[in-house]
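> Quick one: sequence and predicted model below, then my questions.
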Amino acid sequence: MDLNALRTANPDHWSKATAIRALTLDAVAAANSGHSGMPMGMADVATVLFEKHLKFDAAAPLWPDRDRFILSAGHGSMLLYSLLHLTGYEQFPLQELKNFRQTGARTAGHPENFLADAIETTTGPLGQGIANSVGFAMAEEMLRAQYGAGVVDHRTYVIAGDGCLMEGVSQEAITLAGRHKLRNLIVLWDNNSITIDGPVALSDATDQPARFRAAGWHVVEIDGHSPDEIDAALSEAKASTRPTMIACKTHIAFGHAAQDTSKGHGALTDQAQLQAAKQAYGWNYGPFEIPSDVKSAWEAIGKRGAEARHSWQERFDAMSNTKRETFNRTLALEAPKKLSATIKAFKKQMSETAPKLATRSSSEKVLEVLNPIMAETVGGSADLTGSNNTKTGDLGVFDVDNRKGRYVYWGIREHGMAAAMNGMALHGGLRPYGGTFMCFTDYARPAMRLSALMQVPVVYVMTHDSIGLGEDGPTHQPVEHLAISRATPNTYVFRPADTVETAEAWEIALTETKTPSVLSLTRQGLPAVRLEHKNKNLVAQGGYVLADAEGKRQVILIATGSEVHVALAARDLLQAEGIGTRVVSLPCMELFAQQDEAYRKRVLPAGPVRVGIEAGVRQGWDRWLTGERGKWNKADFVGMDRFGASAPAEELFEKFGFTAENVAARAKGLL
């Protein structure tokens with residue numbers, strides 16, 4: 001490719017795009033690590049997008065009606081950081097680029113949303129960004145239907161690479177977007193035909209444009225280094241009634257000795273080659289040096305959206321007070337004032353009527369009173385609506401002809417659902433929750449981890465949470481899944497014992513602003529255990545004394561979820577023999593760990609023997625059994641140390657020892 005011809009044909013464009021390439025080379029060289037090739041290859045595309053199409057104002061990175069820009073190929077983070085610096089974002093002075101990949105810098109190796117306002121999502125695990133983008137685009141559709149196009153009318157642009165499109169979650173994402181005709185979603189594919197191991201052809205022969213067309217997308221194929229073709233393709237995409245994929249044929253590490261090679265993917269730090277590339281670009285400046293005319297041109301691009309933002313503000317201010325207040329409240333993740341009173345009234349009713357319910361049904365009852373007062377909730381299920389009990393009558397179904405619908409039929413796409421819910425939460429204005437079987441957290445796991453990392457309060461409604469699901473057998477019976485979720489930082493795992501605890505768990509999940517929640521819910525019916533109404537949310541303490549010992553306290557039984565009523569029955573047997581027994585319900589270990597030591601000591605004092613009871617593996621339990629003033633020789637655990645079996649639930653609970661008689665015997669064995 002003749003760089004001189006490109007440079008002379010479009011000198012203004014060339015100088016702006018070259019600034020991105022030069023900053024990328026300099027930052028990666030300074031850090032001695034990073035990924036140079038993608039930013040160098042996609043600099044032309046990004047320049048045209050930001051200069052002529054992206055609606056944004058660098059002075060207001062959180063403007064609600066800005067276009068969203070997602071770098072799904074997150075390893076090429078210097079593309080994003082260069083753009084943010086050049087267009088004048090306050091949080092990205094030149095020093096941030098000089099500190100690329102260094103301790104405390106906003107310019108982390110891969111973009112992290114919580115480090116800067118202008119970073120829409122955390123990417124790096126390939127495929128996640130393009131899957132997030134479906135949630136962003138759905139959120140825009142839903143909120144436009146709610147507030148009108150005068151206040152919500154923006155697009156979501158994605159730069160994705162070959163790796164993003166090879167990851168399986170991309171198929172879930174693109175078929176969802178095509179099915180729902182998300183016209184404001186535009187994906188720019190960096191079609192450079194290179195992966196780390198070598199040419200894409202080593203491992204893949206997919207006709208990607210045909211794949212997207214088959215999924216219902218509009219597709220445009222262009223030269224990714226021609227500003228005119230890029231501009232025309234983006235204009236065409238904006239006019240489409242379907243999501244658009246623009247296949248941009250590019251050269252990785254464009255203009256460098258490593259161009260079109262797998263070496264070009266990584267850190268290009270050789271100084272002689274770096275200088276040769278700059279010379280080929282006609283860029284005769286020192287490290288991190290941007291000529292003032294180029295920087296001024298980029299800053300003008302960063303200010304281009306100011307007028308549109310001011311016009312938007314006028315339209316927003318003209319809305320009714322009620323709509324404005326709801327818009328601002330939901331964007332700030334503030335719960336409605338009615339929430340607390342609604343939960344209290346519901347709890348009182350449940351304590352008085354004491355229904356025997358599966359906690360999945362309890363969850364549905366809670367949602368029936370919460371969804372009508374929370375316009376921001378968006379429910380869904382991965383093809384298990386009737387099993388997860390996630391749909392309430394007031395929501396309406398989100399579809400092409402009903403953008404006001406707040407329930408999504410995700411299909412058999414657990415991973416795509418979880419990633420899209422992350423996108424909805426990151427977009428702002430919505431609180432998504434979605435359901436599947438607890439066992440299938442395995443399919444959603446990468447996106448669930450990112451919920452925690454990105455600090456977004458997505459709610460995962462995971463039903464059929466143990467051997468209690470019965471005959472479907474060990475393929476569907478979760479054993480290790482509670483431990484996996486509890487091992488994830490910044491995640492609340494709730495395993496409620498009855499309807500009251502379920503309501504309290506939902507109250508926490510829907511008022512949380514930075515932590516995702518996993519609700520572990522039963523298939524089988526459970527007796528009510530919270531029979532005395534309390535206004536206080538006891539689940540918020542993580543663990544609490546449900547029934548205390550009569551006489552001298554010799555045993556503490558600690559249980560969660562479906563095993564709490566077993567612990568209460570075991571207590572009756574022990575008390576009948578004069579053995580004072582306390583029962584502690586532990587619905588959320590993470591919240592219990594956050595309580596001060598004085599409270600934890602009151603709940604779990606030294607002295608009595610301790611038995612933990614949960615239909616899952618022991619991992620994570622020893623802190624409460626042998627730590628926190630416990631002793632290894634005075635502790636036991638009734639749980640699972642193998643996979644389950646296919647049989648009726650009641651037979652399985654007996655087979656695996658989840659009976660009052662076995663729990664009482666295990667406790668007595670420690671005395």
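That came in fine, so what should we check first? Please read all numbers here as calculations on a predicted model, not as lab measurements. Residues are numbered from 1 along each chain as shown.

> Partner strands of the helix or strand harbouring Ile186 and their direction?
In this structure, Ile186 is located in strand 185-191 according to DSSP states H and E. Paired strands of strand 185-191, with direction, are strand 156-161 (parallel), strand 244-249 (parallel) (DSSP bridges).

> average model confidence for it?
Taken as a whole, strand 185-191 has a mean pLDDT of 99.

> As a check, name the ranges of all strands in the stretch 51-200 of the chain.
68-71, 156-161, 185-191, 194-195, 198-199 (DSSP state E, counting those that start in this stretch).

> roughly how far out does the longest one sit from the chain middle?
When C-alpha coordinates are averaged (CA atoms, centre = their mean, to the nearest Å), strand 185-191 and its chain have centres 21 Å apart.

> now the last one
When distances are taken as CA atoms, centre = their mean, strand 198-199 is centred 31 Å away from the chain's centroid.

> Check which residues of the next helix or strand along the chain from that strand are buried.
The helix or strand immediately downstream of strand 198-199 is helix 208-214, counting by DSSP H and E. By 16 or more other CB atoms under 10 Å, the buried positions in helix 208-214 come out as Gln208, Pro209, Arg211, Phe212. To be clear about C-beta, it is placed using only N, CA and C from the backbone, and glycine gets the same treatment.

> What is the one helix or strand in the chain whose mean pLDDT sits lowest packed up against?
Using mean pLDDT, DSSP states H and E, the weakest-scoring helix or strand in the chain turns out to be helix 3-9, at a mean of 90. Identification of packing neighbours for helix 3-9 by 3 or more CB pairs under 8 Å, 6 or more residues apart in numbering; DSSP states H and E yields helix 271-281.

> Would you format the buried residues of helix 208-214 as TSV with distance to Ala29 and pLDDT included?
Formatted as TSV, the buried residues of helix 208-214 follow (distance: CB to CB, whole Å; pLDDT from 0 to 100):
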residue	distance to Ala29	pLDDT
Gln208	32	98
Pro209	36	98
Arg211	37	98
Phe212	36	99
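
> So what touches the least confident helix or strand of the chain?
By CB atoms under 8 Å, 6 or more residues apart in numbering, the list of residues contacting helix 3-9 from outside reads Trp14, His225, Gly255, Ala280, Tyr281, Gly282.

> Nearest to Phe643 among these?
His225 (54.3 Å; CB to CB).

> was I right about that closest one contacting His251?
Yes: His225 is within contact range of His251, at 7.2 Å (criterion: CB atoms under 8 Å).

> Ala30: how many residues sit nearby?
18 (other CB atoms under 10 Å).

> right, I mislabeled it, should have said Ile246
Neighbour number of Ile246 under other CB under 10 Å is 26.

> hang on, it packs against Val187?
Yes: with contact defined as CB under 8 Å, Ile246 and Val187 form a contacting pair (7.1 Å).

> tell me which residues of stretch 160-173 are tucked away?
So for stretch 160-173, counting by 16+ other CB under 10 Å, buried means 160-167, 169-173.

> Tell me how far Leu521 lies from Phe592.
Per CB to CB, to the nearest Å, Leu521 is found 19 Å from Phe592.

> Comparing these two, which shows the higher neighbour count?
Taking neighbours as other CB under 10 Å, Leu521 and Phe592 compare with Leu521 leading, 29 against 23.

> Who does Ala559 form a beta bridge with?
Here Ala559, judged by DSSP bridges, has bridge partners Ser585, Ile613.

> residue contacts, it?
Ala559 neighbours (CB under 8 Å, 6+ apart): Ala497, Val566, Ala567, Val583, Val584, Ser585, Leu586, Gly612, Ile613, Glu614.

> before we move on, the earlier item: ok, His225 and His251, which is more surrounded?
His225 (22 against 19).

> And the nearest residue to Arg66 once chain neighbours are set aside, how far from Gln146?
Closest residue in space to Arg66, ignoring its immediate chain neighbours: Phe56 at 4.8 Å, by CB to CB, 6 or more residues apart in numbering. As judged by CB to CB, Phe56 and Gln146 stand 23 Å apart.

> Give me the more crowded residue out of those two.
Phe56 (25 against 20).

> for the more buried one, what are its contacts?
Phe56 sits next to Phe50, Trp63, Arg66, Asp67, Phe69, Thr87, Gly302, Gly305 when contact means CB under 8 Å, 6+ apart.

> Next one: the residue nearest to Gly127 when sequence neighbours are not counted relative to Ala205, how far apart?
Residue nearest to Gly127 in three dimensions, not counting chain neighbours: Glu167, with 3.1 Å by CB to CB, 6+ apart. Going from Glu167 to Ala205 by CB to CB gives 16 Å.

> do Arg486 as well
The value you get for Arg486 to Ala205, if CB to CB is used, is 42 Å.

> So for those two, which residue has more residues nearby?
Using other CB under 10 Å as the criterion, Arg486 and Ala205 rank with Arg486 on top: 20 against 7.

> Tell me the pLDDT of that one.
Reported pLDDT for Arg486: 98.

> In a markdown table: the contacts of helix 3-9, plus distance to Asn328 and pLDDT.
Compiled in a markdown table, those are given as follows (distance: CB to CB, whole Å; pLDDT from 0 to 100):
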| residue | distance to Asn328 | pLDDT |
| --- | --- | --- |
| Trp14 | 43 | 98 |
| His225 | 43 | 98 |
| Gly255 | 47 | 97 |
| Ala280 | 51 | 96 |
| Tyr281 | 46 | 97 |
| Gly282 | 49 | 96 |
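
> Can you tell me which of the residues you listed are buried?
Trp14, His225, Gly255, Ala280, Tyr281.

> list the contacts for the fourth one?
It refers to Ala280. Contacts of Ala280 (CB under 8 Å, 6+ apart): Leu3, Gly255.

> Kindly recompute the last result at 10 Å.
Leu3, Asn4, Arg7, Phe254, Gly255, His256, Ala257, Gln259 (CB atoms under 10 Å, 6 or more residues apart in numbering).

> do the same with the last one
Residues in contact with Tyr281, defined by CB under 10 Å, 6+ apart, are 3, 6-7, 14-15, 17-19, 21-22, 25, 40, 254-256.

> So for stretch 357-365, mean pLDDT?
98.

> Pull the distance from it to the chain's centre.
Put simply, stretch 357-365 sits 24 Å off its chain's centre (CA atoms, centre = their mean).

> if I look at Pro336, how far off is Glu325?
For Pro336, the distance to Glu325 - CB to CB - is 10 Å.

> more crowded one of those two?
Between Pro336 and Glu325, counted using other CB under 10 Å, the more crowded position is Pro336 (16 against 11).

> Tell me if I am right that that one is in a strand.
No: assessed with DSSP: H, G, I helix; E, B strand; the rest coil, Pro336 is coil; it does not lie in a strand.

> Can you tell me, leaving aside adjacent residues, what's nearest to it?
Ile373 (5.5 Å).

> Number of residues surrounding the one you found?
14.
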